[in-house]
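**Q** sequence? don't have it. structure:
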């Protein structure tokens, strides 16, 4: 479904600060699965997501999504096929716009700019129906500006918006890291419900091993741009993951969520 071939990416090439993040990196992501991406800070997780989504360009290599080479597609063009939820609850929404206006924006993703009104009144009933699935009462606050919502409400809305058009690939970039444990579980449960309902292929960066085990089908661990662990869920225990992580990394930040 997603194939990454011979990916190379280097920052500050030829300087004393040269940083080779990926060197002929290869990865295949299976259709319909949720793959958790683990690893310490600086291992390449976010760089990988930024390259897939088009924020960064690779030096070499190919990104193939559903047999479609997307190397030459800009970020906004890739957004037709790729949804993303960021760590910051405000990054996936427009805080100064209302809930209704935000949902309308996600509904228009991939469409050409026009002078038509942002909100299509004929679509409001569907927007309300989708908001109800979050069980947060947001359907009763359509005209509330998103900046007045809690972090959990904003992240739930961001998740709904990212999956509104049923993307081929969903990127979850530590999307619960900024939330308290109770809200984090709520968001993870909603995430699982949405991706299972729509059968969306998902990649999830996480520092929480239990989330990786509880919500993913496959677990990959990166170190310095290389895959050091690639297993199906159920083939490894939490303790074994921790042991592998500790043996390969001096940075133990991953263990904070255990």
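**A** Looks like it came in fine. Note that the structure is a prediction, hence the values are computed from the model and not measured. Residues are numbered from 1 along each chain as shown.

**Q** Pull the number of nearby residues for residue 68.
**A** 10 (other CB atoms under 10 Å). Where you see a C-beta, it was placed from the backbone N, CA and C, and this is true even at glycine.

**Q** and what of residue 238?
**A** 13.

**Q** Which secondary structure state is assigned to residue 9?
**A** At residue 9 the chain is in strand, as set by DSSP: H, G, I helix; E, B strand; the rest coil.

**Q** What residues are recorded as beta-bridge partners of it?
**A** residue 22 (DSSP bridges).

**Q** let's have the chain start at 3 instead
**A** With 3 as the first residue, the last one maps to residue 11.

**Q** Could you pull up the contacting residues of it?
**A** By CB atoms under 8 Å, 6 or more residues apart in numbering, the contact set of residue 11 is 22-24, 49, 53, 58, 60-61, 227.

**Q** per-residue pLDDT, it?
**A** Model confidence at residue 11, given as pLDDT, is 98.

**Q** repeat for residue 116
**A** 63.

**Q** Repeat that for residue 172.
**A** In this prediction residue 172 is given a pLDDT of 98.

**Q** How about the strand or helix carrying residue 196, which residues are buried there?
**A** Using DSSP states H and E, the element containing residue 196 is helix 183-200. Going by neighbour count (16 or more other CB atoms under 10 Å), the buried part of helix 183-200 is 185-186, 188-190, 192-193, 196-197.

**Q** picking up where we left off before, nearest to residue 100 among the contacts of residue 11?
**A** residue 58 (31.9 Å; CB to CB).

**Q** Just give me the neighbour total for that closest one.
**A** 16.

**Q** mind checking how far the nearest residue to it once chain neighbours are set aside is from residue 207?
**A** Nearest residue to residue 58, sequence neighbours excluded (CB to CB, 6 or more residues apart in numbering): residue 52, at 4.2 Å. Distance, residue 52 to residue 207, using CB to CB, to the nearest Å: 11 Å.
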